[in-house]
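Asks: Sequence and predicted model, in that order:
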Amino acid sequence: MATATASGPIRLTGIGALLRHRVAAKLLLLAVAAAVLVPIANAQWASGAWPDALTVDLTSPLGRASDWIIDNRDSHWLFTHFLGHVSNAIVISVRAVYLVLLAGGWAGVVAGAALVAWRVAGVRLAALTAVSFGVCGLLGMWVPTMQTLALMVVAVLASVVLGMLMGLAAGLSDRVFRILRPVLDTMQVLPAFSYLLPVALIFGVGVPAAVLATVVYAAPPMARLTALGLRGADSGVLEAVTSLGTTARQRLFSARLPLARKELLLGLNQTIMMALSMAVIASMIGGAGLGDRVYQALGTVDVGAALAAGIPIVLLAVVLDRVTGAAGEGLGAQAEEDTSPLRGRRGWSLAAAVTLAVALAARFAGRLEWPTSWTVDIVEPVNTAKDWMVDHLYTGVPVVGGTADWAAHFTTWVLDPVRDGLQDLPWWSVLLVVAALAWTIGTWQTALTAVLAMAGIGVLGVWDKSLDTLAQVLAAVAVTVVLGFAIGIATARSTRLERLLRPVLDVFQTMPQFVYLIPVVALFGIGRAPAVAAAVIYALPAVIRITTQGLRQVDGAAMEASRSLGATSWQQLRQVQLPLARPALLLALNQAVVLVLAVVVIGALVGGGALGYDVVFGIAQGDLATGMVGGVAIVCLGLMLDRVTQPTTRRDHGAGPTKGA
């Protein structure tokens, strides 16, 4: 026992020394390259900000492309014979779903949603679903909720079909998987804002653009999880099916897809959540519904109206997440354990019959619309409370100062120095730091991708604005990681604390990005600090959960060995748990970066400025050059940040595709 215990630290020490030698060798090689290249770059283009000689002005070509699209939208065959039909099909589909929801009446919709939840997860979730839809009506948001739901239904169906087709191709073909993997990786790190302007330019402002932007954003999770399920199917089962002489198609439908059903339902869950998040953001390009109400309220800083529309969004997200999550968890076991007379098709038939009966009863009674007497106006009370907060918490709080003071101090002491420090660095030093960070934790391909992404920002001519956005991201990530690691360590050590935080984290993780802007506007006003605050709140739950899970999965034998040697709780944490949980902590850092960037960019709506403002300005004014350059720069920034925070290793030829799906 002593020998085994002693060999563990020796082995870990040897691996750590080897890793340190590799990192040192990489940094030495990078220093030699810098010693040769930096003087040449400095002599040719000087130091300071990105040189104008290395920028490319895309204003003219993008302006010409925008003019061509606008001029030919009604005459060119690409629009009249293809894109026009796509647009019309989307409009017809969304309108048909919306009319069906209206025809069912509020009672039919509530009954149908509750009965679906009952069949999937039981009475408790059915009650939650009915109450959630009822609250949407009580807040006077029934029609906008139905508009959002109609757009969601069409977008999710299209996302699932597209994602499954890509996932099937990637799951059944190694070559297709290698082609699609970098595309899906890139799409996963792109902020939602990046999708808005291209589809708005091609399809115009309206429902088709909103649906297509949602589909492009929400399809990748379905594709990745479909591929994962197909490639991870039990080889023994597949061999048994093959030995029976089945064709490839028969093996797919009789073995591969049934074995991958849990991954498929998880993909559906993730697609629904991302579609709802994007459907709200897509209100900026004409998507009607709850998102449009939130967007208009934020434009006038009407916190009460924004909250009245934001609460139904959160309730929809929670209900959809719970229903699809329960479907995935209960799959298989439910079929074995359910012995009630209403199991299977009989139960679903009963649910459909009850829903139809309730809808018909509501129609004959003339009660299709939500009764106006059943609404509660929270706009005025919320705005009154907001005014009280402004008067008492916003400024003038003794000793600690008000929230406006905190925002001003954070901007003056953190955001401004970080931004000015980054902008004052020589451009080549920024590229060197990016290369060093990416190469230290990855391969030379990773470093090259990160450097090219950062250089692409300079070539686009938005170097200073990108560094401003980067400063906000770094500040938000620092706060998120400190708070997330601290709370994650506490929850990993206390089961009671984890139970208390679980419902809070569940709600925060299901809320769309847009909704986080509502409370920060009320507390902090307009500016860069509120954008950072919203990003921290959005990213914090993921960091807490990944940290907690990583610390709890540390090898129990290592923990027992450290206790037997008399290590204190603090020593165990610092010398055993944190080193062994390093992959999970790095994953938490990576997720913090990706999630923070997504909200910092949206923070342009509350005064965040920088690249997000360019995209918002481009969408509002139809300025393709400004909006597209800002969007591409955001893509490059997201790609760079992902590469410098995501450890990569050389994958084995056999196992690589399966692990990375």
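Replies: Yep, it's here.
Asks: How far away from the center of its chain is stretch 122-130?
Replies: Stretch 122-130 sits 27 Å away from the centroid of its parent chain (CA atoms, centre = their mean, to the nearest Å).
Asks: Quick check: closest non-adjacent residue to residue 591.
Replies: Distance criterion CB to CB, 6 or more residues apart in numbering; nearest residue to residue 591, sequence neighbours excluded, is residue 542 at 4.9 Å. Bear in mind the C-beta positions are built from the backbone N, C-alpha and C, glycine included.
Asks: and the one you found, how many neighbours?
Replies: By the criterion of other CB atoms under 10 Å, residue 542 has 20 neighbours.
Asks: so where do the helices sit in the stretch 1-150 of the chain?
Replies: Along the stretch 1-150 of the chain, counting by DSSP state H, counting those that start in this stretch, helices occupy 2-45, 59-72, 77-78, 84-121, 123-138, 142-172.
Asks: Which stretches in the stretch 351-500 of the chain count as strands?
Replies: Counting by DSSP state E, counting those that start in this stretch, the stretch 351-500 of the chain has no strands to list.
Asks: in the stretch 401-550 of the chain, what spans have low per-residue confidence?
Replies: Counting by pLDDT under 70, the stretch 401-550 of the chain shows low-confidence ranges at 510.
Asks: switch to 80 and redo it
Replies: For the stretch 401-550 of the chain, the stretches flagged by pLDDT under 80 are 401-405, 428, 439-445, 506-519, 521-523, 525-526.
Asks: before we move on, what about the stretch 101-250 of the chain?
Replies: Along the stretch 101-250 of the chain, the model assigns pLDDT under 80 to residues 121-122, 174, 181-182, 184-198, 200-201, 204-205, 228-250.
Asks: again, only this time at 70
Replies: 188-194, 233-239, 241-246, 248.
Asks: any idea how far residue 129 is from the residue nearest to residue 591?
Replies: Separation of residue 542 from residue 129 (CB to CB, to the nearest Å): 25 Å.
Asks: re the thing from before, hmm, residue 588 and the residue nearest to residue 591 touching each other?
Replies: Yes - with contacts counted by CB atoms under 8 Å, residue 542 reaches residue 588, the gap being 7.3 Å.
Asks: List the buried residues of stretch 393-413.
Replies: 394, 402-404, 406-408, 410-411 (16 or more other CB atoms under 10 Å).
Asks: Check residue 81 and give its pLDDT.
Replies: pLDDT, residue 81: 79.
Asks: any idea how far residue 122 is from it?
Replies: Applying CB to CB, the value for residue 81 to residue 122 is 50 Å.
Asks: Please identify which of those two sits among more neighbours.
Replies: residue 122 (13 against 9).
Asks: Could I get the contacting residues of that one?
Replies: Counting by CB atoms under 8 Å, 6 or more residues apart in numbering, residue 122 touches no other residue.
Asks: how many neighbours does residue 287 have?
Replies: That count, for residue 287 with other CB under 10 Å as the rule, works out to 30.
Asks: Name the nearest residue to it, ignoring sequence neighbours.
Replies: Counting by CB to CB, 6+ apart, residue 210 is the residue found nearest to residue 287 once chain neighbours are left out, at 3.1 Å.
Asks: How many residues are close by the one you found?
Replies: Neighbour tally, residue 210, other CB under 10 Å: 32.
Asks: what's the answer for residue 74, then?
Replies: 9.
Asks: Ok, residue 250 next?
Replies: Residues near residue 250, counting by other CB under 10 Å: 13.
Asks: Repeat that for the one 10 residues further on.
Replies: When neighbours are defined as other CB under 10 Å, residue 260 has 22 of them.
Asks: so what's it closest to, chain neighbours aside?
Replies: In space, and not counting its chain neighbours, residue 260 is closest to residue 229: 2.7 Å by CB to CB, 6+ apart.
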